[in-house]
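Participant: pasted the sequence and its predicted model underneath.
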Amino acid sequence: MFSLSSRKRKAAAETSPWQGPLVALRDIHVRFGRQPVLREINLEVPRGQTLAIIGESGCGKTVLLKTMIGLVRPNRGQVLYKGQNLTRMSEAELAALRTRFGFVFQQAALFDSMTVAQNVSFPLRQHGYKTPEEIQQIVLARLAEVGLPETVLHRKPAELSGGMRKRVGLARALVMNPEIILYDEPTTGLDPIMSDVINELILRTRQRNPVTSVVVTHDMHTARKVADRVIMLYPLSRLRPDEPQMIFDGTPQQLDACTDSRVRQFIRGEAGELLMELREQASGAF
């Protein structure tokens with residue numbers, strides 16, 4: 001049950017146009033046990049922007065994505081959505097708020113026992129939206145948006161290719177008309193052609209719907225093609241305590257012109273300096 005104050009906040013948010021950033025992170029720190037993952041992250045995402053988060057494996061990209069929508073609670077700091085502090089919300093309030101978010105998981109995360117139609121319609125049925133006939137029309141429309149024919153409706157995920165599963169995951173993320181869509185490594189495991197199909201769908205989704213997008217990726221082609229803005233995180237284990245974890249924040253064009261050796265090494269896929277660092281760490285351990 002929502003408290004009276006919670007209902008008032010929700011009603012006010014729905015009726016008053018929000019003028020600030022859609023999402024804002026203030027001094028975010030996340031630690032799992034003794035292992036720090038995110039440190040002093042400050043970030044604002046304006047409405048309508050497509051933000052790409054890049055960086056090496058293990059630098060905290062997916063943790064940051066999950067922190068943005070309250071799936072991970074920070075040890076310190078605030079996560080604001082339209083000015084509402086997610087870190088102070090109950091699980092029931094967060095569940096209601098997440099109907100405004102669409103999440104495209106790295107491996108699509110479809111329910112194996114359900115058909116495509118059941119997977120895509122799941123959020124609508126879960127939240128009691130629409131009649132069965134209306135749900136069917138929405139499902140068909142969303143599948144058409146991602147380039148899938150009506151013939152896939154009764155197939156199970158195991159009967160689909162990797163690219164088709166990714167597109168079903170995107171269709172499911174769209175059924176609630178979200179204000180923000182979060183993509184976790186949307187092109188991982190796909191061939192170059194299918195990867196570009198997914199990139200095109202991300203672009204078309206933004207063009208057809210007034211949606212804000214956050215894309216976690218290590219694919220530089222994806223980052224350059226879909227993003228208005230790119231940020232790069234760096235692993236805390238290789239930073240001094242006084243160094244910022246976000247080592248780049250700018251446009252894709254500025255990214256390509258960046259002179260920071262760590263950024264250039266990553267976007268060029270060069271392992272030389274990292275390999276030397278790892279060797280030094282390994283030799284220092286003995």
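Facilitator: Yep, it's here.
Participant: what about the residue positioned nearest the centre of the chain, helix or strand, and which?
Facilitator: Note on the chain: the residue nearest the mean C-alpha position is Leu182, at 2.7 Å, using CA atoms, centre = their mean. Using DSSP states H and E, Leu182 falls within strand 180-184.
Participant: what mean pLDDT would you report for that strand?
Facilitator: On average, the pLDDT along strand 180-184 is 94.
Participant: repeat for stretch 228-238
Facilitator: On average, stretch 228-238 scores 96.
Participant: in it, which residues are buried?
Facilitator: By neighbour count on 16 or more other CB atoms under 10 Å, the buried set for stretch 228-238 is 229-234, 236. C-beta here means a position set from N, CA and C on the backbone, and glycine is covered the same way.
Participant: which residues in the stretch 151-286 of the chain form strands?
Facilitator: 180-184, 212-216, 229-233, 246-250 (DSSP state E, counting those that start in this stretch).
Participant: okay, those strands in CSV with distance to Glu93 next?
Facilitator: Formatted as CSV, these follow (distance: least, CB to CB, whole Å):
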stretch, distance to Glu93
strand 180-184, 17
strand 212-216, 21
strand 229-233, 28
strand 246-250, 29
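Participant: what's the closest of those strands to Val37?
Facilitator: strand 229-233 (9.7 Å; CB to CB).
Participant: and the angle for the closest one with strand 246-250?
Facilitator: Here the directions of strand 229-233 and strand 246-250 differ by 170 degrees (axes from the mean of the first three to the mean of the last three CA atoms, to 10 degrees).
Participant: that older thread, sheet-wise, list the partners of the strand holding Leu182 with their directions.
Facilitator: strand 101-104 (parallel), strand 212-216 (parallel) (DSSP bridges).
Participant: nearest to Val139, of those?
Facilitator: Among the strands paired with strand 180-184, the nearest to Val139 by CB to CB is strand 101-104 (14.6 Å).
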